[in-house]
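K.L.:
Need the 3D shape of this:
(chains A and B)
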Amino acid sequence: MNTSTPRSALPATLTGRVHRLGGEILLDEATSWCPPGVRRREPVNAYLIKGDHGAVLVDTGIRLHEAEIIAQLDVLLEADEPLSIVLTRTEMECCLNIPAIEEHRPIDAVWYTGGITVPRSSAPVQRIAVDPGTWREVQVRDGITLHFISPLLRLLPTLWVFDPVSGALLTSDAFTHLAPQGGDTDSADPKGGLHKFRWFGDADTGSIAADVRQIVHGRNVTAIGPGYGWPATGTDACSLEAELLAACLEEVGAQ
Amino acid sequence: MTGDTTARHVAHNVYWLGGCLSAFSQGEEVHYHVSSYLVVGSTATILVDTGDPAHADRVMAQLDGALAGRQLDYIFPTHPEIPHAGNLPMLLQRYPTARVVGDTRDYFMHFPEFTDRFDAYRPGDEIDLGDRTFTFLPAHIRDLENTLWGHDSGAGILFVSDGFSFIHETPAPDGEDEPAHRPGQCQLLSGEMPVPPSVEQAAYGTGRALYWTKFVDVSSAFRAIEDILDTLPTTFIGPAHGNLIDDVDGMLRTSLAAHRKVYEDARRE
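P.N.:
Take a look at the predicted model:
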């Protein structure tokens, strides 16, 4: 039986103006992205980027953590503070809390990529198309301009979101293998984060690995925030994790 | 899908529900299929995929009509994406004895209020519907790992979720990531269309909805699909994002050629 434990009523700071929201799940065979034989607790994350004139919520967390997400937003935001949402994917773990958040506070826009699934929101919904392997700079709201990066490391239409002000790179369903700081580094095998991407074993992954290196090494990344799993912080640590993941991609792929 | 609220009866006690959702591409209206299928057995019923909340009212009306007073016993979302599982809460409320079946990993986090109604099935497992059997199968063409296909023995339909997606006319490329087609061709079987789907039309949907196929030669997956067809008599292939296929041999060739085209085109980029 898979259970959830609230991480905390309080959100955690990722880096600078970016905060990590959500709760934990028991990662085991009831979760599709769990590597074989693993059983441990891990967070499922949304991120809040706070500007001077409003904030941007990147993904909305899973419905299991609906109450925690809303409580954490209340800690971080004034009741009337403008809020926009950016979805890294239109998969369920990213967007199903939009209605509950909207019931609690106004949302002025929802940004998403893809086509077949349009997020359900009473706010204006803005689709953004970014060709895989490229990125676009988008002013999501006054004071918050983000890089919307379309990575090659993906299953579905996916955005990684980079905040140049803080250096936070929010990586959706990639970099999900990281260990908690001070935790068991044995669990931080990049292969553990690739269970969702099993097709890599039959693919030439050279260009995908190169894209990971280019995205991280081409920016001043101070923190990597995955949609599930633990974040990495510090420029050197982020650079190292990118290299380890890229090398792993090259190793698992059919060259 | 003979009307917005009437499901199309496509084979013995099998109904095609859902329909197309509309979008605009470069100023032109294009459609994309988001289909569900209802199989009515003599003792039990099963719904394959739930449709998207964007057309929930249509799906619910079609389902009510097709059930004709019967209960919905099983709901099989082929995988936990919104076009395939997004209407689960509404369906579970409307049909309080229905069970969610399939690869039910992850659903606990998306629909925590319904965890006591999820039953895990694996490839090879069967559900007895009375005069027909529903068999769960591995999804040989998929995006999410927790995807299953299914087969109905009564009408010989292979339900393939995101597999065998295709369009009718190819809009000019503009970065769209999903299969689409033009209005007026939504409810036709593949064999009823004026011209059979071409390799290019199948490739359009394949390359966008199944991004990974740009990187992988899927010949082995098609050999596995042919093994299924050799084992389970199949008259129709029911994709979620394409017209119901009644020319199985022809579309098998077309779809494989489309995957090869996607892969080879990506190699040349």
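K.L.:
What are the boundaries of the strands in chain A?
P.N.:
Ranges of strands in chain A, per DSSP state E, are A:4-5, A:12-15, A:18-27, A:40-51, A:54-58, A:83-86, A:109-112, A:125-127, A:135-141, A:144-149, A:160-163, A:168-172, A:223-226, A:232-233.
K.L.:
right, and those strands - which one's nearest chain B?
P.N.:
If you check each of the strands of chain A against chain B by C-beta to the nearest C-beta, strand A:18-27 wins as the nearest, at 6.3 Å. Every C-beta, even on glycine, is put in place using the N, C-alpha and C of the backbone.
K.L.:
Would you mind putting the CA coordinates of that closest one into CSV?
P.N.:
Output in CSV follows, covering the C-alpha atoms of strand A:18-27 (Å, rounded to 0.1, in the frame of the first residue of the first chain):
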residue,chain,number,x,y,z
VAL,A,18,12.7,29.6,-6.2
HIS,A,19,10.8,27.4,-3.6
ARG,A,20,10.1,23.7,-3.7
LEU,A,21,6.6,22.6,-2.8
GLY,A,22,4.8,19.3,-2.5
GLY,A,23,5.1,16.2,-0.3
GLU,A,24,6.6,12.7,-0.3
ILE,A,25,5.4,9.4,-1.6
LEU,A,26,6.6,5.9,-0.8
LEU,A,27,8.4,5.0,-4.0
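K.L.:
Mind pulling up the pLDDT for B:Tyr211?
P.N.:
Reported pLDDT at B:Tyr211 in the predicted model: 81.
K.L.:
how about it, phi and psi?
P.N.:
B:Tyr211 adopts backbone torsions of phi -50, psi -40, taken as degrees, to the nearest 10.
K.L.:
Also B:Ala202?
P.N.:
The phi and psi values for B:Ala202, taken as degrees, to the nearest 10, are phi -70, psi -40.
K.L.:
picking that back up, any chance of the strands of chain A in JSON lines, with mean neighbour count, mean pLDDT and distance to B:Thr206 too?
P.N.:
Formatted as JSON lines, the strands of chain A follow (neighbours: other C-beta atoms under 10 Å in any protein chain shown; pLDDT from 0 to 100; distance: least, C-beta to C-beta, whole Å):
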{"stretch": "strand A:4-5", "mean neighbour count": "14", "mean pLDDT": "49", "distance to B:Thr206": "37"}
{"stretch": "strand A:12-15", "mean neighbour count": "19", "mean pLDDT": "90", "distance to B:Thr206": "37"}
{"stretch": "strand A:18-27", "mean neighbour count": "24", "mean pLDDT": "96", "distance to B:Thr206": "32"}
{"stretch": "strand A:40-51", "mean neighbour count": "23", "mean pLDDT": "96", "distance to B:Thr206": "31"}
{"stretch": "strand A:54-58", "mean neighbour count": "24", "mean pLDDT": "98", "distance to B:Thr206": "30"}
{"stretch": "strand A:83-86", "mean neighbour count": "25", "mean pLDDT": "98", "distance to B:Thr206": "28"}
{"stretch": "strand A:109-112", "mean neighbour count": "22", "mean pLDDT": "96", "distance to B:Thr206": "22"}
{"stretch": "strand A:125-127", "mean neighbour count": "16", "mean pLDDT": "92", "distance to B:Thr206": "21"}
{"stretch": "strand A:135-141", "mean neighbour count": "16", "mean pLDDT": "97", "distance to B:Thr206": "25"}
{"stretch": "strand A:144-149", "mean neighbour count": "21", "mean pLDDT": "98", "distance to B:Thr206": "24"}
{"stretch": "strand A:160-163", "mean neighbour count": "26", "mean pLDDT": "98", "distance to B:Thr206": "24"}
{"stretch": "strand A:168-172", "mean neighbour count": "29", "mean pLDDT": "98", "distance to B:Thr206": "23"}
{"stretch": "strand A:223-226", "mean neighbour count": "27", "mean pLDDT": "98", "distance to B:Thr206": "29"}
{"stretch": "strand A:232-233", "mean neighbour count": "22", "mean pLDDT": "94", "distance to B:Thr206": "35"}
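K.L.:
Include distance to chain B when you put the ones you listed into TSV, please.
P.N.:
Formatted as TSV, the strands of chain A follow (distance: least, C-beta to the nearest C-beta, whole Å):
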stretch	distance to chain B
strand A:4-5	8
strand A:12-15	20
strand A:18-27	6
strand A:40-51	7
strand A:54-58	18
strand A:83-86	16
strand A:109-112	11
strand A:125-127	9
strand A:135-141	11
strand A:144-149	12
strand A:160-163	15
strand A:168-172	14
strand A:223-226	16
strand A:232-233	23
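K.L.:
tell me, how many neighbours does B:Gly69 end up with?
P.N.:
5 (other C-beta atoms under 10 Å in any protein chain shown).
K.L.:
so where's chain B shaky on pLDDT?
P.N.:
Applying pLDDT under 70 to chain B flags residues B:1-3, B:23-30, B:166-184, B:205, B:208.
K.L.:
For the residue of the stretch 151-255 of chain A found nearest chain B, give me the pLDDT.
P.N.:
Nearest residue of the stretch 151-255 of chain A to chain B, counting by C-beta to the nearest C-beta: A:Ala203, 3.7 Å away. Per-residue confidence for A:Ala203 comes out at a pLDDT of 87.
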